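J.: Mind folding the following:
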Amino acid sequence: MNRKNFKASDNIEKYIAMTNGHTFRIGAEWVLIPEFAWQACYAAGCISEDILKGMMADLQAAPEVQKRINKDSDIRSILKGWIEENKLENFNTNGTPKINPLNEELGWRADRAVVNRIWFEIQENK
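T.: This next block holds a predicted model:
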C-alpha cells in the first residue's frame, strides 16, 4: 500500500473522518497517510511532502525564469527602438534583426531562436 507524508498547510490541526471508518488527525507535523485517504487530506487543506518538494523546486527556479523574462524584455525594447529609429542597417534583407548588432547593444549573446520568437511577437502585435 502506498503512503505519503501529509501535514496541515496552515499548521491548524485537521480532523478527517472517512466513510469507511478511518479517521486521521493531521497538524503541523508530518503524518504518514495511506493512499485511499489522500484525496480527503487534500480536500481538508493538507499538503503532501512531494507537493511541497515540487513547490520548493519551483521557487528555486523562479530567479532563472525572472532572468529570462528580463532578457526577453531587453531584446524586445532594443528591437522596438530600432523600428522607431528606423535603423534599417540592423536588419537583414529578409526583414529579420541582425544578431551581431543586437548582441553588441545587449552586452551579451542572444540566442537566435529567442530573438526570432520575440521578433515574431512584435510583428503579431503591430
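J.: Any idea which helix or strand in the protein has the lowest mean pLDDT?
T.: Ranked by mean pLDDT, DSSP states H and E, the helix or strand of the chain with the weakest confidence is helix 49-84, at a mean of 78.
J.: From residue 39, how far out is the most far-flung residue of the chain relative to its centre?
T.: In the chain, counting by Cα atoms, centre = their mean, residue 21 sits farthest out from the average C-alpha position, at 40.1 Å. Using Cβ to Cβ, to the nearest Å, residue 21 is found at 16 Å from residue 39. No exception for glycine: its C-beta is placed from N, CA and C like everyone else's.
J.: ditto for residue 4
T.: As it turns out, when the distance is counted by Cβ to Cβ, residue 4 lies 12 Å from residue 39.
J.: Settle it for me: which of the two has more neighbours?
T.: It is residue 4, of residue 4 and residue 39, that has more neighbours when counted by other Cβ atoms under 10 Å, with 18 against 10.
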